[in-house]
Every structure is written in structure tokens, then in C-alpha cells.
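> here's a sequence, model it:
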Amino acid sequence: MIEPYSIVMDFVLLSMIIVIAAILKARISILRKLIVPTSMIAGFIGLIFGPDLIGLIPFNIDMLGELVYHLMAIGFIALSLKKREVKSSPALLNSGMLIVSTYLIQGIVGFGLFLLLVQFFYPGFFPGIGLLLPLGFGQGPGQAYSIGNQWEQLGVVGGGNLGLTIAGIGFIWATVIGIILINILNRNEKFKDDPLIHKENEKLVEKSKPKELPLADALENLTYQIAIIGFIYLVTHLTLYGVEFILTPLGTFGSTLAQLLIGFHFIIGSLYAMLFRVILNKLEQKGFRLEHTPNNIMLQRISGFSFDYMITASIAAISVYALQEYLISVLILTTIGGFVTIWFLVWIVPRLFPNEKLANTLGYYGMLTGTISTGMALIKAVDPKFQSNATDNLVMGSATAITFGFPLLLLLNVPIVGYLENQPIMYVYTLIGLVVYFVGLMAMLLYRSRRISNN
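Take a look at the predicted model:
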């Protein structure tokens, strides 16, 4: 049972290390030059000085995991409530398929590798842990912890902690390796973009910037934004409770699927937020206008706050001792997964986005090894004014990826059922399903890329 006082204390401690990290990043020259989110620095401070290592910061690890879970949903609901001009564009469809294709190749590598490790080194261990690679790298710490923790509730030892660890190593790939990748690709003629394209986009960027609200209205409007997010999160939880109530009586598969859907709570919350935004836009078109409406600037700040604390908490929550038994396997998994991700994106992105190759390649790499915030950070390194279409592709592509990612959600459910019912054949079905779906998406992407090159 988590006590309310523990929630307050852990929030205060997270706030303290975020402030310390911000000071260090501002004062230490090497940190200023590196593209490393302050929240990530704070997370590693929390990990080093937390209960498992030096022990100066008395975090409640369970509480940190809960914060990661809820802050992720809040951040995605806030992003989904933002008003944006969405145009029908082949790039958005390509982006969604590209994101899910990367999840799939990461899943094939991770799951295939752990099938071998379980066969020869860890008999009886759950090979589905390899699927935490696309969750930790592609989805980030919140999702990796959420799904890993749900598996842990079903009997998988250390699932949540392994998810956080894989996601934490993913941040290292997104930032440290990402900086190296920036310098390599920036010198490669293949990734040189036409500067005229950025000039054409600059006016669109300036036009799309929302106006800041007067300070006198900011507090009242901020309260309203938070209230909307809270209401949507309430509807999300009621939906999940209803789904769990319906699915649990259906047996192992139903209860497992219910647990996985609870882990994907942020997607359900995002869909409700998008629906709310669509309804609100329709009402405004008919002349009905609320006294206060969702404001893009405030929603962006709320999501930024949520993700900063989420990243800090997720890294600080890593349990070093619980990882000792599988540390070598996790390092092998993330190293192979990292290099495969680089190879795949460097190969496919220029084919899909030939006019803005560099920003898109770095953005997708940062997002598919870390989070969307690290993807934005890498884009900013080569496109400081966000004049390219890379940021739109990341944000809107994440939305379209929900549709293409639904079969992957179903596949995630198969290995844990095989584990609980002692049916290893389900592992084979899962791997075949991953490969078949990947081949199908790649066929569509390569076909579309040929059409792009011919235009």
C-alpha cells in the first residue's frame, strides 16, 4: 500500500534532483554541448544516489513506478488535446508504418534472441522479455514498465524492472550514440538537404505558432486544461475497469488481454482526447464556444512537465541488484537492437523522405530508441527553427501508428499466454506473426517509396 505522504516526498525528491540537474547542465560545459535532456541527467542522479547504490535519496521505488505509469497517460492526453491543422499527406501514413515497422524489427531481434538465451542459458525464463526491446526503445520507459509490470503480476520475475532498464539503456543510445550519429550523417553527402525547402517551410512554422495568453488569464486557463485532462483520464480508467470486468471471466487469455490493455492506458486516453478535440471543433464550427478552450501552449507545457518527471522517475526507479542475473543478456539485447535500429532507419528513412533526410532520420532514431522528446532534441541539433517536416511526422506519425500497431498489441498477448499455460508453440506463432507482419508493412513501404522516387 502506497501512502500519500510517500507520494509527496517522492515528488519533492524528484523536483530536487531535476533542479540540481538543470544547474549542472547550465554550469558544466560538456553537458551544455551534449544533446542530453535535463530529465535524463536527473534520472541518473536519482539512480546513483538512490536506495540501490549510494542510498542518500530514500525513494520509494514502487511509488516511482506508479508515477511513471500515470504521468505517461497525462502527457499523452495533453498532447492529443492540442489543436493542429492536419492535412491528408502520404508522409503521415508512411510515418505510421515506419514507426511500427521499426517496432517489429526490434521485436523480431529481441524475441528471437531471448528464445535462444532461454533455450541454452535460462531454461524456464520467459522469452517474451525480448519484446521489451521495442517497448523500451520504441515506446519509452512508461510503456516498458507498464507492460513488464503487468507480466510481473502474472508471474514473470522482474518484468517491470527489466522494462525500465532496457528503456534507460535506450536513452543512452538516443543521446550518446545519437550525438555520434549526428556528426557522422551530417558529413555524409547522402543526407544533405536542399536549404530552399527549409525556407519554404519557415513561413508555415511562423504562421502556425499560437499566441501566448496574458498572464492574468493564465492561472484560470491552466486550471481548466488540467481539469479537462483529469476528466478524460477518469473516462479512460472507467473504460479500463469495464474492459477488465468483461474480459476477466473469459479465462487466462481474457484476463491477460485485460492486463495488457491496462498497460496501454495512454493510447486509450489519447484516443478519448482526440475524440474530445474533434467534438469540440465541430461545436465551434456551429457557433457554440466554451468560455475556455484547450490551449496549445499550456497543453504543451503540461505534457512537457509530465514527460520530464516521467523520464526522471523511470531512470531513478531502476533496481540495479534485481538486474545482476540478466545484466549481460540485457546488454547483448540492447547492443544488437541499437545497431539494427540504426541500420534500418538509415536505410529506409531517406527512401521515404528524400527531401528532408537528415532531420527525419535523426528524429525517428531519437524517438525509436528514447522518447519523442529525445527525437525532437536530435532534430533541433540540425534544424534549430524546426523548419523541416520532421516534427510533424513524429507527432502525427505516432497517432497513425496506433492503427498499424494494433496487431502488434495482439501479438504481445500471445507469449504470456503460452508461458502461463506451458505451451511453447505459442512462442513460435509469435515470432512467425512478427516476421509476416513486418514483411507485409515493408512491402507497402517499399512500394510507396518507389512512387515517391518516380514523382
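> identify the residues contacting the one residue sitting closest to the centre of the chain.
Centroid-nearest residue in the chain: Gln139, 3.1 Å away (criterion: CA atoms, centre = their mean). By CB atoms under 8 Å, 6 or more residues apart in numbering, the contact set of Gln139 is Tyr103. Backbone N, C-alpha and C define where each C-beta goes, glycine included.
> quick one, grab the pLDDT at it.
At Gln139, the predicted lDDT confidence score is 75.
> state the distance from the residue lying closest to Thr236 once chain neighbours are set aside to Ala401.
Once flanking residues are discounted, Thr236 sits nearest to Gly269: 4.2 Å by CB to CB, 6 or more residues apart in numbering. Per CB to CB, to the nearest Å, Gly269 is found 16 Å from Ala401.
> okay, and the helix or strand of this protein with the least pLDDT?
helix 195-208 (a mean of 46; mean pLDDT, DSSP states H and E).
> elements contacting whichever helix or strand comes after it?
Downstream of helix 195-208, the first helix or strand assigned by DSSP states H and E is helix 215-247. The contact analysis (3 or more CB pairs under 8 Å, 6 or more residues apart in numbering; DSSP states H and E) places helix 215-247 against helix 61-81, helix 252-263, helix 265-285, helix 296-316.
> got any ranges where the stretch 151-300 of the chain has weak pLDDT?
193-220, 251-253, 255-257, 259-260, 263-264, 289-292 (pLDDT under 70).
> repeat that with 90
The stretch 151-300 of the chain contains residues with pLDDT under 90 at 151-180, 182-226, 240-241, 243-271, 273-300.
> just the strands in the stretch 1-150 of the chain please.
Using DSSP state E, counting those that start in this stretch, the stretch 1-150 of the chain contains no strands.
> where in it is pLDDT low?
1-11, 25-44, 46-48, 50-96, 114-132, 135-150.
> where do the helices of it begin and end?
Using DSSP state H, counting those that start in this stretch, the helices found in the stretch 1-150 of the chain span residues 4-27, 29-33, 38-49, 61-81, 90-120, 132-133, 141-153.
> for those, which one sits closest to Arg277?
helix 61-81 (5.7 Å; CB to CB).
> buried stuff in that closest one?
Buried residues in helix 61-81, counted by 16 or more other CB atoms under 10 Å: 61, 63-69, 71-81.
> pull the CA atoms of it into CSV?
Extracted as CSV, the C-alpha positions of helix 61-81 are listed here (Å, rounded to 0.1, in the frame of the first residue of the first chain):
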residue,chain,number,x,y,z
ILE,A,61,10.7,2.5,-5.9
ASP,A,62,7.1,1.3,-6.1
MET,A,63,5.9,4.8,-5.9
LEU,A,64,8.2,5.9,-8.8
GLY,A,65,6.8,3.1,-10.9
GLU,A,66,3.3,4.4,-10.3
LEU,A,67,4.3,7.9,-11.2
VAL,A,68,5.8,6.7,-14.5
TYR,A,69,2.5,4.9,-15.3
HIS,A,70,0.2,7.9,-14.6
LEU,A,71,2.4,10.7,-15.9
MET,A,72,2.8,9.0,-19.3
ALA,A,73,-1.0,9.0,-19.7
ILE,A,74,-1.3,12.6,-18.6
GLY,A,75,1.4,13.7,-21.0
PHE,A,76,-0.2,11.9,-24.0
ILE,A,77,-3.7,13.1,-23.2
ALA,A,78,-2.3,16.7,-23.1
LEU,A,79,-0.6,16.3,-26.5
SER,A,80,-3.7,14.7,-28.1
LEU,A,81,-5.9,17.6,-26.9
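> next, the angle from that helix to helix 296-316.
150 degrees (axes from the mean of the first three to the mean of the last three CA atoms, to 10 degrees).
> show me what helix 61-81 packs onto, helices and strands only.
Using 3+ CB pairs under 8 Å, 6+ apart: helix 61-81 touches helix 4-27, helix 141-153, helix 159-172, helix 215-247, helix 265-285, helix 296-316.
> compare Gly269 and Ala401 (neighbour count), which wins?
Gly269 (26 against 22; other CB atoms under 10 Å).
> pretty sure the more buried one sits against Ile232.
Yes. Assessed by CB atoms under 8 Å, Gly269 is found in contact with Ile232 at 6.1 Å.
> anything in contact with each of the two?
By CB under 8 Å, 6+ apart, the residues touching both Gly269 and Ile232 are Ile77.
> Glu189: neighbour count?
Quick note: Glu189 (other CB under 10 Å) scores 5 neighbours.
> how close does Pro350 sit to Gly269?
Distance from Pro350 to Gly269, by CB to CB: 34 Å.
> go on, Phe44?
28 Å.
> swap in Phe245?
19 Å.
> what's the answer for Ser329, then?
Going from Ser329 to Gly269 by CB to CB gives 33 Å.
> contacting residues for Ile232?
Per CB under 8 Å, 6+ apart, neighbours of Ile232: Ile77, Leu81, Gly269, Tyr272, Ala273, Phe276.
> for Thr102, same thing?
By CB under 8 Å, 6+ apart, the neighbours of Thr102 are Pro134, Gly138, Thr341, Phe344, Leu345, Tyr364, Leu368.
> can I get the residues you listed in a markdown table with distance to Ile7 and secondary structure?
Shown next, in a markdown table, are these (distance: CB to CB, whole Å; DSSP: H, G, I helix; E, B strand; the rest coil):
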| residue | distance to Ile7 | secondary structure |
| --- | --- | --- |
| Pro134 | 31 | helix |
| Gly138 | 29 | helix |
| Thr341 | 35 | helix |
| Phe344 | 40 | helix |
| Leu345 | 39 | helix |
| Tyr364 | 35 | helix |
| Leu368 | 32 | helix |
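> of those residues, closest to Ile23?
Once CB to CB is applied, the member of the contacts of Thr102 that ends up nearest Ile23 is Leu368, at 30.8 Å.
> that closest one touches Gly136, doesn't it?
No. Using CB under 8 Å, Leu368 makes no contact with Gly136, being 10.8 Å away.
> who has more neighbours out of these two?
Taking other CB under 10 Å, Leu368 and Gly136 do not tie; Gly136 has more neighbours (34 against 29).
> count of residues packed around the nearest residue in space to the more buried one that is not next to it in sequence?
Of all residues not flanking Gly136 in the chain, Ile166 sits nearest, at 3.3 Å (CB to CB, 6+ apart). Neighbourhood size, Ile166 [other CB under 10 Å]: 27.
> also Ile54?
10.
> once you drop chain neighbours, what's closest to it?
That would be Ile48: by CB to CB, 6+ apart, it lies 6.2 Å from Ile54.
> quick one: that neighbour from Ala42, how far?
Distance, Ile48 to Ala42, using CB to CB: 11 Å.
> neighbour count winner among those two?
Ala42 (28 against 15).
> who touches the residue lying closest to that one once chain neighbours are set aside in this structure?
Among residues not flanking Ala42 along the chain, Ala21 sits closest, at 3.7 Å (CB to CB, 6+ apart). Ala21 is in contact with Thr38, Ser39, Ile41, Ala42, Ile45, Thr312, counting by CB under 8 Å, 6+ apart.
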